[in-house]
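Student: Sequence first, predicted model second:
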Amino acid sequence: MNNPGTVGVVMLVHEALDRAAQVARHWAASGCPVVVHVDLQVSDDDFAGFSNGLSDLPNLVFSNRHRCEWGAWSLVQASQTAAKLMLDTYPDVRHVYLASGSCLPLRPVQELVDYLDERPRTDFIESTTTQDVPWTTGGLNSERFTLRFPFSWKRHRRLFDRFVRLQRRVGYKRKMPDGLIPHLGSQWWCLTRQTLSALLEDPKRKIYENYFKWVWIPDESYYQTMVRLYSTNIESRSLTLAKFDYQGKPHTFYNDHLQLLRRSDCFVARKIWPRADRLYQAFLNTNSSNLKHTEPNPGKIDRVFSKAVERRTLGRAGLYMQSRYPVEGRENGLTASGYSVLQGFDELLLDFSPWLEKNAGVKVHGHLFSPERAEFSDGGPVYNGCLSESALVRDYNPKSFLTNLIWNARGEHQCFQFGPNDTQALNWFIAKDPNAHIHIITGAWVVPLFHSNLNFSEIRKEAARLQRIESAQLNVLRSPYVKARVQTLNMSEFVESPMEVLQTILDAIGPRNMRALSEVPKLVDLTGFGKFLQNLKNQGMHPYLMGDFPADTLGIQKPPKPRKPYLVRK
Amino acid sequence: MVSNRTGQIEPCDIIVFSTIRNERVRLPYFLKYYRDMGVNHFVFVDNDSDDGSREYIAGQPDASIWTTKHSYKTARFGTDWLNWLLSRYGRGHWTLTVDVDEFLVFPFSDTRPLRALTDWLDASSIPSFSAMLLDMYPKGRIDAVPYEEGQDPFEIAAWFDSGNYTISKNNRYANLWIQGGPRARTFFTQNPERAPAMNKIPLVKWDRHYTYVSSTHMLLPRILNKVYDVGGGEKASGCLLHAKFLDTFGAKAKEELKRGQHYANSHEYKAYHDAMRQDPDLWCKWSEKYINWRQLEILGLMSKGNWA
């Protein structure tokens, strides 16, 4: 060990004293002078036990104690007092490292000493102008500097908020002392003696302090702003790895972070859970025989924690569960992935579903919302995720049924048949969902009636009912709020050129289906359909959703032409 | 009979609260499971057991037990008893209110003790933690494999329904009302609105103003029920693996039906009883086999939230 004692550690301690003692001992035993500040709120007994436990260390002293409160000036005072004591007591110290009781050195202390010895004039302090910081805890950024904050954010939140509002209303603005440009950054710094002493000995220190006393969270802005006056060489980053959540609260490290921390190559990490035995065990017993001289590389750990922030703020699209239940409009994705609603195809085309399954390579459900049961693609009573086919269960909460179906499919595109005979409860939901691809051949529901053996008066009644339902559905799809991709055409238009429509369906499902269609499903027999429509009209109904089909009023049937399969012309 | 060891409770202890009735065979594993998780003390209400449950608990060094012969039903299904004990002994503690067939899993529960979670909740000023009930069942007849004392019940009941839960919001108490799972899919297809509630908020930093309204499904004040994010994000949550469907279930259903002490005239137990007489197999080809909490996270049944 050849630690010359050029790096001094100032430790701010307020809880988990046993861990703080362990780390303080580690720093001191590795040759770094240590000054410990213990929060005045720690009881005298606890403090006595703590300081007695460390009394054998020759290079560790305790500073005067301040009562510290989160977000308040007292935290800066504590670090000032301790830093001053450090500079006065240990003349060899060149860099002062500010750490907390829940910080843990991840690399051998010697590596940090070497690293700083190679950069004797560099101040490591994250110091960014207010415009450039992404964190805005409490919605305050530059206002931290222009308002006054006499009330505790943690203890008197209401007063705090009220006072902020009041100042905003009356347009109160504090003036910054001349020459200062507000900067923010992590409160864990490592400054050179030159910079630190210039800061502490500045004759105008009182003026600056009077200003910063009323700034909010001054430990994140006082040093960060002041160093800009004195330092000649600022490296704007913290040597302490500290991750913050979306509310500005520090993340805690646990035993299971061991490998991540190890690979980060950071010098110090914060905060460590006091009961993370394995971390303390592993990092306080690091072998300093083969020293590394690598740069800290927190990239991987950054990703883990930024993913946590993303999960907490955005969540997983299309997921509805016990701890994610967005109000309307805040869903960040109504459903998890794309799906196709196919209306009228089943009625007009023979074996449409098998054809689509084959050509699109996806599972195609029948009428999922049929009044009898959910017709899952495999015909079973239960489907992926254990969804029940029971119409009662489905209609009890149709939105859950659909969002579950899509979520359970894990991105596999779902297709299902739909029609006016089915539950219409989700028309608005689906219409507003950008994941929905809705393809409708209007009026096709009449084909089964056309083929049915019902009395014509019943057919007429049923046709009127279905037309009313489909018409209401189409009205929804014409709303300006529609986000789904909707393709509607009437039956006669479809019969004219079915190929294009079928191709659109395939395109919506996925790019792998770009190859040209080689076979297409056959149309059902529509001989006499025009006459059938005319009969409906003659009965006083107005079947308009099908489009135009000439009525063969003469009753002469042309001999049925054998239909050729459609071929693609490309 | 009372065995009161609550004097041992330290200020930071995590306490389990539970009501029991004839659960002797389940107790050893239940106690072990939660001791291993870091629970410090157990507080039981015994509703007139006659199978030795009471004596067994009285012999445990870290458990207290109160006994009542009163009606489970008039005590609002045990909620009143628990509320009383919670207000008496739970105040200021993290309390976990679970039945002996409910086993909590939470994010990182395989690598972090419960204390890590409660410390994090404390630091985040979150007073209540949601853990949805997840019905676990065996493959084959429920009564095919007998449960042995001390055994991990999920060696037998290893399967669950992953994606058939329905959610609606209860505006009165601001809680979510979750239904679904194998019971809804098999016993309640004719009256899905009667399927049992799966939403639970079992882990609470207890305060004297708090009270459970109905079982652990919801609490007052309402703020404690807001365990879900409404802006699209995910809050942290866990699951209560429910080891109800073991061979012990048939006898239990019969007994409970006879006592008629359960919610809404025990219609739930009626449904079970009828179904159990036919073919009591809850397993289907879409059933998911339990692996760990990460699997439940990926399936979207629980979330890490911003705990990392």
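Tutor: Perfect, thanks for sending it. Residues are numbered from 1 along each chain as shown, chains lettered A, B, ... in the order given.
Student: Now do the same for residue A:486: helix, strand or coil?
Tutor: Under DSSP: H, G, I helix; E, B strand; the rest coil, residue A:486 falls in the strand class.
Student: you'd agree residue A:19 is up against residue A:103?
Tutor: No - between residue A:19 and residue A:103 there is no contact under C-beta atoms under 8 Å: 9.8 Å. Glycine gets a C-beta too; all of them are placed from N, C-alpha and C.
Student: List the residues that are in contact with both of those two.
Tutor: The contact sets of residue A:19 and residue A:103 overlap at residue A:272 (C-beta atoms under 8 Å, 6 or more residues apart in numbering or on different chains).
Student: So between these two, which is more surrounded?
Tutor: Set residue A:19 next to residue A:103 and count neighbours by other C-beta atoms under 10 Å in any protein chain shown: residue A:103 wins out with 26 against 21.
Student: And the pLDDT at residue 15?
Tutor: I went with chain A, as the question did not name one. pLDDT recorded at residue A:15 is 90.
Student: You answered for a different chain; I wanted chain B.
Tutor: Looking at residue B:15, the pLDDT reads 97.
Student: Can you name the residues that contact it?
Tutor: B:9, B:39-43, B:89-90, B:93-96.
Student: Tell me which of those fall in helices.
Tutor: Among the contacts of residue B:15, no member is found in helices (DSSP state H).
Student: Now do the SS call for the residue of the stretch 351-500 of chain A found nearest chain B.
Tutor: Residue nearest to chain B within the stretch 351-500 of chain A: residue A:385 (2.5 Å; C-beta to the nearest C-beta). Put simply, residue A:385 is coil when judged by three-state DSSP.
Student: One more: residue A:206?
Tutor: helix.
Student: Looks to me like residue A:501 is in a strand.
Tutor: No - under the criterion used here (three-state DSSP), residue A:501 is helix, not part of a strand.
Student: Now it. Nearest residue, chain neighbours left out?
Tutor: residue A:494 (6.0 Å; C-beta to C-beta, 6 or more residues apart in numbering or on different chains).
Student: what's near enough to touch that neighbour?
Tutor: A:344, A:348, A:441, A:444, A:501.
Student: In helices only, show me those residues.
Tutor: A:348, A:501.
Student: and the contacts of residue A:494 as JSON lines, adding pLDDT?
Tutor: Output for these, formatted as JSON lines (pLDDT from 0 to 100):
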{"residue": "A:344", "pLDDT": "93"}
{"residue": "A:348", "pLDDT": "93"}
{"residue": "A:441", "pLDDT": "94"}
{"residue": "A:444", "pLDDT": "93"}
{"residue": "A:501", "pLDDT": "88"}
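Student: The residue of the stretch 1-150 of chain B found nearest chain A: what secondary structure?
Tutor: Chain A sits closest to residue B:111 of the stretch 1-150 of chain B, with a gap of 3.9 Å, by C-beta to the nearest C-beta. Following three-state DSSP, residue B:111 is assigned to coil.
Student: Same question for residue A:36.
Tutor: strand.
Student: count of neighbours near it?
Tutor: Neighbour count for residue A:36, taken as other C-beta under 10 Å: 25.
Student: Next up, the contacts around residue A:211.
Tutor: A:174, A:176-177, A:180.
Student: and which of the residues you listed is nearest chain B?
Tutor: Nearest to chain B among the contacts of residue A:211, counting by C-beta to the nearest C-beta, is residue A:174 at 29.4 Å.
Student: Kindly report the residues of the stretch 1-150 of chain B close to chain A.
Tutor: B:108, B:111-113, B:115-116, B:119-120, B:123-124, B:130-132 (C-beta under 8 Å from any C-beta of the partner chain).
Student: among the residues you listed, which are in helices?
Tutor: Short answer: the residues of the stretch 1-150 of chain B next to chain A in helices (DSSP H) are B:115-116, B:119-120, B:123.
Student: With pLDDT and neighbour count added, can I get those in TSV?
Tutor: Shown next, in TSV, are those (pLDDT from 0 to 100; neighbours: other C-beta atoms under 10 Å in any protein chain shown):
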residue	pLDDT	neighbour count
B:115	97	18
B:116	97	23
B:119	96	19
B:120	95	24
B:123	91	15
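Student: Nearest to residue B:288 among those residues?
Tutor: Comparing those against residue B:288 with C-beta to C-beta places residue B:116 closest, at 26.8 Å.
Student: Is it correct that the closest one is in contact with residue A:275?
Tutor: Yes - under the criterion of C-beta under 8 Å, residue B:116 makes contact with residue A:275 at 7.2 Å.
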